[in-house]
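*Asks:* sequence and predicted structure, then a few things I'm wondering about:
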Amino acid sequence: MNTKHIEKIDRDVCKDIRTELQSELASVGDRLGLSLRMGGCRYSNDSATFKLEVELLSESGRPVSKEEKYLNDNYERLEIPKAWLGAKLKDPKDGKLYYLRGYKVRSPKRPFLIEDVRTGTTYVTTKLGVKKLFLYQV
């Protein structure tokens, strides 16, 4: 980060501040057992406001998203067996492994979130898509 006196806050200064804060937040988050991340930033010539996102961690050490929390709290209403939560699913077409990661309430067509085990990429699917994957549960 530029250690000179800052006379005006601009995009580059905000990027530098974000970089410095991210490293500090990582150590604080580890100490508290939370996930701490920098969100969006608004700035003017003389001030900047950063959004701080704080999330609890699951047993696996991952942040618990609101979609994952909703799925864990409402799996019975969604007609999903509890055994499917956090289980590995195998796609019968290509053999890829997925985790069931959440349910998006505001997405009626494809509300279920699945995550590729190898890459960590998240995809959306239908209830039928999840059921097809769970026929091949690992």
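*Replies:* Happy to help now that I have it. The structure displayed is predicted, hence computed values, not measured ones.
*Asks:* check contacts around Lys96.
*Replies:* Going by CB atoms under 8 Å, 6 or more residues apart in numbering, Lys96 touches Lys90, Asp116, Val117, Arg118. No exception for glycine: its C-beta is placed from N, CA and C like everyone else's.
*Asks:* go ahead and confirm the second one touches Leu133.
*Replies:* No - between Asp116 and Leu133 there is no contact, the gap being 11.7 Å when judged by CB atoms under 8 Å.
*Asks:* quick check: neighbours shared by the two?
*Replies:* Tyr98.
*Asks:* between those two, point out the one with more neighbours.
*Replies:* Ranked by neighbour count (other CB atoms under 10 Å), Asp116 and Leu133 place Leu133 first, with 23 against 14.
*Asks:* and the more buried one, helix, strand or coil?
*Replies:* Secondary structure, DSSP: H, G, I helix; E, B strand; the rest coil: Leu133 is helix.
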